[in-house]
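[1] have a look; sequence and predicted model below, questions after that.
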Amino acid sequence: MKKNIGIIMGGYSSEYEISLKSGNVVYKTLNPEKYHAYRLHIFSDKWVYVDDNDREYPIDKNDFSIRVDGEKVNFHCIFNAIHGSPGEDGYMQAYFKLLNIPHTSCGMYQAALTFNKRDCLSVLKPFGIKTAESYYLNLGDTVDEEAIVKAVGLPCFVKANRAGSSFGITKVYKKEDLQAAVDFAYKEDNEIIIESFLDGTEVSVGVISYKGETRVLPITEIVSENDFFDYKAKYLGESQEITPARISEADTNKVKELAKKVYEVLKMTGFSRSEYIFKNGEPHLLEINTVPGLTQASILPQQAQAAGISLSELFENAIEEALK
């Protein structure tokens, strides 16, 4: 019997356009002989199923079902393609847990934790995971430029604490530019993390649950044409993403072991993509994405391809792992 797979996409954050692209790639890739795939748009003002003629059918939030031509459709599994809130920060995971519907992403706690950069780095530090020096601000706090520069130095990165895809991030070179960067970050979140600049090779490491085992994919080296790996570099082609990364075998093994350790320490499931910068030969963790981009240009699908895993195999495996 064919399984009904609901692909959730969209979301409430600045990343909704990228999420729609990811979700549509999943929709077009899934084997129609194995699955009935449904595009489900999750927005703050509506939750709807969108058919191939762009007709919309409301989703019943009581049991996350839809009614099409008088027939009720329940879902055997949800494929999560929402970047940002509410798909990457734990809300949808908790909702599906309550409804007992399997889904392809990690658990509620893991999603909420990894989406909060400050909390995630704090949890991982006792396990020997190296990170940049950091300074925290909450909305309403006094911006003490002297204290910030003393803590993290210049240049530094001012980031929204809970936002993905490089939204709300500024690289600051001069003390007098800190306030503007803080104001910019507050447009995305009411919590901020300010981090020291790590000058070194940046790599992205995909880790997935594959056929019952934790599998680390080939590493991607990030070479941004811009000042850092910002939104334009990530999504508008203004970067080089080189897979496998041009780093030594020793460094490759070091960052692979670290990424696997992070995945297992946090008891992750599903997809993850974590970013590291090498400083003095040691990989320093920047952040973890639990619903990484799934478009043709996205890093995780590139890594899977380099590992000999096609897009259809990658997506199908995620569904089968969730259904277990």
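    Sure thing, it's come through.
[2] output stretch 63-71 as PDB, nothing but the C-alphas.
    The C-alpha coordinates for stretch 63-71 follow below in PDB (Å, rounded to 0.1, in the frame of the first residue of the first chain):
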ATOM      1  CA  ASP A  63      -5.500  15.600  13.700                       C
ATOM      2  CA  PHE A  64      -3.400  17.100  10.900                       C
ATOM      3  CA  SER A  65      -5.600  15.700   8.200                       C
ATOM      4  CA  ILE A  66      -7.100  17.100   5.000                       C
ATOM      5  CA  ARG A  67     -10.300  16.500   3.100                       C
ATOM      6  CA  VAL A  68     -10.000  16.200  -0.700                       C
ATOM      7  CA  ASP A  69     -13.100  15.700  -2.900                       C
ATOM      8  CA  GLY A  70     -15.000  14.400   0.100                       C
ATOM      9  CA  GLU A  71     -12.300  11.900   1.100                       C
END
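[3] so which strand or helix has residue 194?
    Element membership for residue 194, per DSSP states H and E: strand 191-196.
[4] mind listing residues that contact stretch 174-190?
    Contacting residues not belonging to stretch 174-190 are listed as 14, 137-139, 143, 145-146, 148-149, 154, 158-163, 167-170, 172, 192 [C-beta atoms under 8 Å, 6 or more residues apart in numbering]. For the C-beta atoms, the positions are set from N, CA and C on the backbone; glycine is no exception.
[5] what's in contact with stretch 104-113?
    Here stretch 104-113 makes contact (C-beta under 8 Å, 6+ apart) with 77-80, 87-90, 92-94, 97, 114, 119-120, 123, 266-272, 290-291, 318-319, 321-322.
[6] buried subset of those?
    Neighbour counting by 16 or more other C-beta atoms under 10 Å classes 77-80, 87-90, 92-94, 114, 120, 266, 268-272, 290-291, 318-319, 321-322 among those as buried.
[7] in helices, which of these fall?
    The helices, defined by DSSP state H, take in 92-94, 114, 120, 318-319, 321-322 from those.
[8] ok, which stretches of the stretch 151-300 of the chain are strands?
    Ranges of strands within the stretch 151-300 of the chain are 156-160, 169-172, 191-196, 202-210, 213-216, 220-224, 239-242, 271-279, 282-289, based on DSSP state E, counting those that start in this stretch.
[9] now these in TSV, with mean pLDDT and distance to residue 133?
    Below are the strands of the stretch 151-300 of the chain laid out as TSV (pLDDT from 0 to 100; distance: least, C-beta to C-beta, whole Å):
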stretch	mean pLDDT	distance to residue 133
strand 156-160	94	9
strand 169-172	93	14
strand 191-196	96	4
strand 202-210	97	17
strand 213-216	97	27
strand 220-224	90	21
strand 239-242	86	25
strand 271-279	96	11
strand 282-289	95	10
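[10] and of those, who's closest to residue 129?
    Closest approach to residue 129 among the strands of the stretch 151-300 of the chain is made by strand 282-289 (5.3 Å; C-beta to C-beta).
[11] what does the closest one rub up against?
    With contact meaning C-beta under 8 Å, 6+ apart, strand 282-289 is reached by 83, 88, 114, 117, 120-121, 124, 129-132, 164, 198, 202-203, 251, 254-255, 258, 262, 266, 272-278.
[12] any weak-confidence spans in this protein?
    Along the chain, segments meeting pLDDT under 70 span 164-166, 226-238.
[13] so how far is residue 114 from the residue in it sticking out farthest from the centre?
    The outermost residue of the chain, judged against the average C-alpha position, is residue 70 (36.6 Å), by C-alpha atoms, centre = their mean. In this view, residue 70 and residue 114 are 41 Å apart by C-beta to C-beta, to the nearest Å.
[14] any idea what the spatially most central residue of the chain is bridged to?
    Compute the mean C-alpha point of the chain, and by C-alpha atoms, centre = their mean the closest residue is residue 289, 2.8 Å away. Assessed by DSSP bridges, residue 289 has beta-bridge partners residue 273.
[15] please apply the same query to residue 207.
    Beta-bridge pairing of residue 207 under DSSP bridges involves residue 216, residue 272.
[16] contact partners for it?
    Going by C-beta under 8 Å, 6+ apart, residue 207 touches 214-217, 259-260, 262-263, 268, 272-274.
[17] mind putting those into JSON lines with distance to residue 30?
    Listed next are these as JSON lines, based on distance: C-beta to C-beta, whole Å:
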{"residue": "214", "distance to residue 30": "24"}
{"residue": "215", "distance to residue 30": "21"}
{"residue": "216", "distance to residue 30": "25"}
{"residue": "217", "distance to residue 30": "20"}
{"residue": "259", "distance to residue 30": "27"}
{"residue": "260", "distance to residue 30": "28"}
{"residue": "262", "distance to residue 30": "29"}
{"residue": "263", "distance to residue 30": "25"}
{"residue": "268", "distance to residue 30": "23"}
{"residue": "272", "distance to residue 30": "21"}
{"residue": "273", "distance to residue 30": "21"}
{"residue": "274", "distance to residue 30": "26"}
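[18] among those, which ones are buried?
    Among these, the ones that count as buried (16+ other C-beta under 10 Å) are 215-217, 259, 262-263, 268, 272-274.
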